[in-house]
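Chemist: quick one, structure for this:
(one chain, ligands or ions: 2)
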Amino acid sequence: MKKPDLKVVLLGDMNVGKTSLLHRYMERRFQDTVSTVGGAFYLKQWGPYNISIWDTAGREQFHGLGSMYCRAASAVILTYDVSNMQSLLELEDRFLGLTDTASDDCIFAVVGNKIDLTEDYNSDSDIEGERPRTSSKIRRQVNLEDAFALYKRIMKYKMLDENVVPAAEKMCFETSAKTGYNVDVLFEGVFNMVIPLIVKKKASGLDETVNLAQSKPNKSKSRCCK
Ligand SMILES: Nc1nc2c(ncn2[C@@H]2O[C@H](COP(=O)(O)OP(=O)(O)OP(=O)(O)O)[C@@H](O)[C@H]2O)c(=O)[nH]1
Ligand SMILES: [Mg+2]
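Modeler: Ligands and ions are numbered 1, 2, ... in the order given. As a prediction, this is how the structure comes out:
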């Protein structure tokens, strides 16, 4: 298998929609999911580059694997559910520490999924005419400003200068895996931001992307499946 040029990892609590976001982006549809066991990866050709995108399990029992999946990651997509404040809080409490193994210049995106469930989602934005069947919308629990504040705390945790890193407004997204809203914008925005880092690394001979063959989970602990 060809070695990927860069690695992107999705992290976040169970049920926030990580697998659904990846299905939507890679397979262009919303389909039934089962809660992820261990992790799974997809390969995406992006221009001349190969990108591995890793889906991880949000369930507590797989928590120990998270830092392994993040090893040498160029980008981490921290995902929460806009209808569930706890899922945002978990990102800081439970998932941020797992990113210590990521690349030093790793970029972070904070993503609020399931925006279609909320009353301020305009279904005219649906990309495939998949309008919600009911109008029973709920009030969102997480505002974009909460995500901006988390992003700023992440930059502080990483000891990165706010004036140098991409602005929170550029790195916080709201998406719907169900309707496709903002999903391409998210993934392609992240890819476009990390590619200059790869070019730089390759030029300086510091390419540290993990070989997929060496980074499979320990079979005694978990198995890798979709
Ligand atoms: N309405 C709505 N439901 C969604 C959306 N994304 C995911 N879901 C639903 O949320 C549930 C969980 O989705 P998954 O993609 O399996 O969540 P996950 O984050 O991968 O969960 P784990 O694998 O357990 O960590 C499923 O019932 C999905 O159909 C969305 O954008 N809108
Ligand atoms: Mg999953």
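Chemist: report the secondary structure state of the spatially most central residue of the chain.
Modeler: Of all residues in the chain, the one closest to the mean position by CA atoms, centre = their mean is Ile77, 2.5 Å from it. At Ile77, secondary structure determined by DSSP: H, G, I helix; E, B strand; the rest coil is strand.
Chemist: with adjacent residues omitted, what lies nearest to Met171?
Modeler: Ala109 (5.1 Å; CB to CB, 6 or more residues apart in numbering). Where C-beta positions appear, they are placed from N, C-alpha and C, glycine not excepted.
Chemist: pretty sure the one you found is in a helix, no?
Modeler: No - in this structure, Ala109 is strand, not part of a helix, as judged by three-state DSSP.
Chemist: make sure Leu78 is actually in contact with Leu91.
Modeler: Yes - under the criterion of CB atoms under 8 Å, Leu78 makes contact with Leu91 at 4.8 Å.
Chemist: so for these two, which sits in the more crowded spot?
Modeler: Taking other CB atoms under 10 Å, Leu78 and Leu91 do not tie; Leu78 has more neighbours (26 against 22).
Chemist: for the more buried one, which residues are in contact?
Modeler: Contacts for Leu78 (CB atoms under 8 Å, 6 or more residues apart in numbering) come out as 11-12, 91, 95-96, 108-111, 150, 154.
Chemist: so it bridges to which residues?
Modeler: Leu11, Val110 (DSSP bridges).
Chemist: and the pLDDT at it?
Modeler: Leu78 is assigned a pLDDT of 98 by the prediction.
Chemist: returning to what we had before: so how far is Asp120 from the residue nearest to the centre of the chain?
Modeler: Going from Ile77 to Asp120 by CB to CB, to the nearest Å gives 23 Å.
Chemist: which secondary structure elements does the lowest-mean-pLDDT helix or strand in the chain contact?
Modeler: Within the chain, no helix or strand scores below helix 183-204, which has a mean of 89 by mean pLDDT, DSSP states H and E. Here helix 183-204 touches strand 6-12, helix 18-27, strand 39-46, strand 49-56, strand 75-81, strand 107-113, strand 172-174, going by 3 or more CB pairs under 8 Å, 6 or more residues apart in numbering; DSSP states H and E.
Chemist: quick one: closest of those to His63.
Modeler: Each of the helices and strands packed on helix 183-204 has some distance to His63 by CB to CB; the shortest is strand 49-56, at 9.6 Å.
Chemist: between Leu78 and Leu91, what contacts are shared?
Modeler: 11-12, 110, 150.
Chemist: nothing else from me, thank you.
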